[in-house]
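Undergrad: Dropping a prediction and its sequence here:
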Amino acid sequence: MDEKIKNEIRKIALQNAFEHEGVTQDKIVLAKILGLKPEFRAKVKEIVGDITEIVSNVNQISFENQKREIEENYPEILIPKEKIEEREGFPPLKNAEHGNVITRFPPEPNGYPHIGHAKAAIINSEYAKMYGGKFILRMDDTNPEAERMEYHAAIKVGLDWLGIKFDIIKNTSDDMELFYEKGKELINIGKAYVCTCKREDISNNRKERKACKCSRADIKENIKGWGKMFDKFKPGDAIIRFRGDMSADNAVMRDPVLFRIIDEKHYTLGNKYRVWPSYDFSVAIEDSNDGVTHAFRSKEFELREELIDSILDALNMRKPYQDFFSRLEFKGMPISKRIIRPLIEEGKVSWYDDPRLPTLESLKRRGIKPEAIKKFILSLGLTKANTLAPFETLESFNRKYVDAESIRLFMVINPKKLKIKNLPMTDVEIPNHPIKDMGKRKINLNENLFISQEDAINIKDNTLIKLLGLGNVRISNSSGELEGEFIDTKNITDIQKIQWVTQKNAHIIKILIPKALFIGEQFNENSLEELEVYTEQHYLQLKDGDEIQFIRFGYCRKDSQNQAIFTHK
RNA sequence: GCUCCUGUGGUGUAGUCCGGCUAAGCAUACUGCCCUCUCAAGGCAGUGAUCUCGGGUUCAAAUCCCGACGGGAGCACCA
């Protein structure tokens, strides 16, 4: 037995030494042994001595001899270790059975969807997919003052663009009768009561952890009060409260609101109801009733977990597993309506699809692909650590998608005239993509071209330059108006490669370059750079929304016949 | 103020629940080389983290315990 252990130790010591330039350490060998053979954990003290001895012995042997010994005695450890496969997607779920997972995405139709919605939707949808389960879209529309059809529609369009599919689509407000039923039940069992205190008093009592007189009313009175919610009471007169725990450390447990009266027309139900459930109550009931097994929400809801569990416990209803993730925001890109609305009102930002914003509509307009968003969000993981995500990473994912399908076009900034003598051709065909077969475009030209100032500046008399797609040109005059002579079309490396457009058919467009909207707390007055450039006629034949790579400039999305938006480098 | 969450390279994360089989993995950024009629994409290689700090438990701690400090959130008749 001793010999067996010693042999094992020697093998691991040699392997480790071999992997680390002939030197190993006893604590690492010990750790490996114990990891490999957990049965030795009980007798650590016995093998420590052996390890020290063997390790020092192995360290004294030359690297060549170590290698020879391995080859003779333990050839198996020379086989390179297989790389541990990177886990695809999110970590596995607790208490999840394949085929029995139901997740949901519950947006409120009170604004345009943004990258934060995308994160919530993608996380929940991915888990349903991973476990062959179902995914629910539930419009969380229980505040008639805030919801609008416009937003409802925008959310659907956004999700559709992202390519997210749902098995069930519903509205929280579909279940109003169920909420009433469960609300009544809570009153009947004494777990809810009608409170007619003033808002301010309720808030103060919460702070002081004091129960109010309403909470002492008996069940009969509460049943009567519940009835009055539907007719006698006016908005603000009374609310239904959950009997939580006024002394709880978690402030949301201090008898939170279950129902309130809102006499406002609901965007789909009109004036049918006026007693509306609060968020906590409706999600609790809905998630349980919809069969949701796993509910992922962003971190600001973390304290609600206890409340939701406790409402469901009171009603003897099944509880979903809840988990949380950090909010997704980009540096300098506000996500909240509270900040964006005034910018729109002041005209500092054009609309919710302004390319500087993180709304889905903006991201799309800017040329970000849904696949890239999905990959990016997957790469962020399920962390709860608060982060400002790097837009740069999103761009990098996006570049890979966009590169494959972007037509390459020539474009000139600050045009300088260049006249070419002895140009042998009047037409030239240029491939639309360097690798992929995306066809060619024909450019009709004469001796008069434009090149960029930036390129022109490096040109001296007698320089040989390559006009991309055209051929080599020797510059004969570099002062004043540039002149050159066509030489040939030979391939020469180590030569300045320059793009060009024709003078007669140059098409002028504006490129919008979005930058960070805010620098720190400060609005960035230069957040939208506008660049006037000359590009090819062919631009006019592209569809709005097509992605283009302006050679040596970057990727842009065609916004209209005379405007493109810079996607990224 | 009270309560909760959180802290791993320049950046974003994996690993933390169940301490050892990872002298910390991946992506992104950066650097170099290869490819190339683009400063893109692709291929290869490389730099870069004593895992916020201080104690403790243990043969062994990024991982468990205690404390400090930094960041965020909640304390609505919004969701």
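TA: Done, it's in.
Undergrad: per-residue confidence at the closest residue to A:Ser278 other than its chain neighbours?
TA: Residue nearest to A:Ser278 in three dimensions, not counting chain neighbours: A:Val257, with 4.7 Å by Cβ to Cβ, 6 or more residues apart in numbering. C-beta: built from backbone N, CA, C; applies to glycine. A:Val257 is assigned 97 on the pLDDT scale.
Undergrad: cool, A:Glu85 as well?
TA: Residue-level confidence at A:Glu85 comes out at 57, pLDDT.
Undergrad: just A:Ser56 next, same as before
TA: Listed pLDDT for A:Ser56 reads 86.
Undergrad: cool, and the one 4 residues further on?
TA: A:Gln60 carries a pLDDT score of 87 in this model.
Undergrad: just A:Lys337 next, same as before
TA: Reported pLDDT for A:Lys337: 90.
Undergrad: which residues touch it?
TA: Neighbour list for A:Lys337: A:Gly111 [criterion: Cβ atoms under 8 Å, 6 or more residues apart in numbering].
Undergrad: How much space separates it from A:Ile368?
TA: Counting by Cβ to Cβ, to the nearest Å, the separation of A:Lys337 from A:Ile368 is 21 Å.
Undergrad: got it, and A:Asn124?
TA: Counting by Cβ to Cβ, the gap from A:Asn124 to A:Ile368 is 21 Å.
Undergrad: Also A:Phe259?
TA: From A:Phe259 to A:Ile368 the distance is 41 Å (Cβ to Cβ).
Undergrad: now do A:Pro431
TA: Using Cβ to Cβ, one gets 26 Å for the distance from A:Pro431 to A:Ile368.
Undergrad: Of these two, give the one with the bigger neighbour count.
TA: A:Ile368 (26 against 15; other Cβ atoms under 10 Å).
Undergrad: what about that one, which SS state?
TA: Secondary structure, DSSP: H, G, I helix; E, B strand; the rest coil: A:Ile368 is coil.
Undergrad: any idea which helix or strand carries the nearest residue to it once chain neighbours are set aside?
TA: Take A:Ile368 and drop its neighbours on the chain: the residue closest to it by Cβ to Cβ, 6+ apart is A:Asn398, 5.3 Å away. Taking DSSP states H and E as the definition, one finds A:Asn398 inside helix A:391-405.
Undergrad: Now do the contacts for A:Tyr131.
TA: Counting by Cβ under 8 Å, 6+ apart, A:Tyr131 has contacts A:93, A:96-101.
Undergrad: cool, A:Phe410 as well?
TA: By Cβ under 8 Å, 6+ apart, the neighbours of A:Phe410 are A:430, A:468-469, A:499-501, A:535-536, A:550-551.
Undergrad: Same check on A:Trp161?
TA: A:Trp161 touches A:360, A:364, A:370, counting by Cβ under 8 Å, 6+ apart.
Undergrad: Recalculate using a threshold of 10 Å.
TA: For A:Trp161, the contact set (Cβ atoms under 10 Å, 6 or more residues apart in numbering) comprises A:113, A:118, A:360-361, A:363-364, A:369-370, A:373.
Undergrad: Equivalent analysis for A:Ser406, please.
TA: Counting by Cβ under 10 Å, 6+ apart, A:Ser406 makes contact with A:367, A:399, A:432-433, A:436, A:438, A:546-550, A:555-557, A:567.
Undergrad: Who wins on neighbours among these?
TA: Among those, the one with the most neighbours (other Cβ under 10 Å) is A:Cys556, at 29 neighbours.
Undergrad: Tell me how many other residues surround the closest residue to RNA strand B within the stretch 451-569 of chain A.
TA: Proximity of the stretch 451-569 of chain A to RNA strand B (Cβ to the nearest atom of the strand) peaks at A:Arg552, 3.0 Å away. A:Arg552 has 15 neighbours, counted by other Cβ under 10 Å.
Undergrad: got it, and A:His98?
TA: 9.
Undergrad: Take the contacts of A:Tyr131 and write them to TSV, including pLDDT and secondary structure.
TA: Shown next, in TSV, are the contacts of A:Tyr131 (pLDDT from 0 to 100; DSSP: H, G, I helix; E, B strand; the rest coil):
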residue	pLDDT	secondary structure
A:Leu93	88	coil
A:Ala96	89	coil
A:Glu97	90	coil
A:His98	92	coil
A:Gly99	94	coil
A:Asn100	94	coil
A:Val101	95	coil
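Undergrad: Could you pick out the buried ones from the residues you listed?
TA: Neighbour-count burial (16 or more other Cβ atoms under 10 Å) applied to those gives A:93, A:96, A:101.
Undergrad: Identify the residues contacting the residue positioned nearest the centre of chain A.
TA: For chain A, A:Ile377 is the residue whose C-alpha lies nearest the centre (Cα atoms, centre = their mean; 3.7 Å). By Cβ under 10 Å, 6+ apart, the residues touching A:Ile377 are A:90, A:115, A:118-123, A:126, A:162, A:325, A:328, A:389, A:394, A:397.
Undergrad: Can you pull the residues of the stretch 251-400 of chain A lying near RNA strand B?
TA: A:251-252, A:257, A:260-262, A:276, A:278-280, A:299-304, A:324, A:326, A:379-390, A:392-393, A:396-397, A:399-400 (Cβ under 7 Å from any atom of the strand).
Undergrad: got it, and the stretch 101-250 of chain A?
TA: Counting by Cβ under 7 Å from any atom of the strand, the stretch 101-250 of chain A sits next to RNA strand B at A:106, A:108, A:110, A:140, A:142-143, A:146, A:172, A:198-199, A:202-203, A:206-207, A:235-236, A:239, A:249-250.
Undergrad: what is the rounded mean pLDDT of the host helix or strand of A:Asp313?
TA: A:Asp313 belongs to helix A:304-314 when assigned by DSSP H and E. Average pLDDT, helix A:304-314: 96.
Undergrad: Next, the buried residues of that helix.
TA: Result for helix A:304-314 [16+ other Cβ under 10 Å]: buried residues A:304-308, A:310-312, A:314.
Undergrad: neighbouring contacts of it?
TA: Under Cβ under 10 Å, 6+ apart, the answer for helix A:304-314 is A:182, A:185-186, A:189-192, A:242-245, A:248, A:250, A:252-254, A:256, A:258, A:279-281, A:283-285, A:287-288, A:295, A:297, A:301, A:317-324.
Undergrad: Just the residues you listed: which are in strands?
TA: Per DSSP state E, strands hold the following members of those: A:192, A:242, A:258, A:295, A:297, A:321-324.
Undergrad: all strands of the stretch 51-200 of chain A, in order?
TA: Along the stretch 51-200 of chain A, the segments classed as strands by DSSP state E, counting those that start in this stretch run A:102-105, A:134-139, A:168-171, A:192-195.
Undergrad: Could you single out the most deeply buried of those?
TA: strand A:102-105 (a mean of 26; mean count of other Cβ atoms under 10 Å).
Undergrad: Partner strands of that strand and their direction?
TA: strand A:134-139 (parallel) (DSSP bridges).
Undergrad: Okay, now the unreliable bits of the stretch 51-200 of chain A?
TA: Along the stretch 51-200 of chain A, segments meeting pLDDT under 70 span A:79-88.
Undergrad: Now with 90, please.
TA: By pLDDT under 90, the weakly predicted segments of the stretch 51-200 of chain A are A:51-96.
Undergrad: need the helices for it, in chain order.
TA: A:63-73, A:115-130, A:149-162, A:176-188, A:199-208 (DSSP state H, counting those that start in this stretch).
Undergrad: Just the C-alphas of the first one, formatted as CSV.
TA: Which is helix A:63-73. Coordinates of each C-alpha in helix A:63-73 appear next as CSV, following Å, rounded to 0.1, in the frame of the first residue of the first chain:
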residue,chain,number,x,y,z
PHE,A,63,14.5,17.9,-17.0
GLU,A,64,15.6,15.4,-19.6
ASN,A,65,15.8,12.6,-17.0
GLN,A,66,12.3,13.5,-15.7
LYS,A,67,11.1,13.3,-19.2
ARG,A,68,12.8,9.9,-19.7
GLU,A,69,11.3,8.5,-16.5
ILE,A,70,7.8,9.7,-17.5
GLU,A,71,8.2,8.0,-20.9
GLU,A,72,9.3,4.8,-19.4
ASN,A,73,6.9,4.5,-16.4
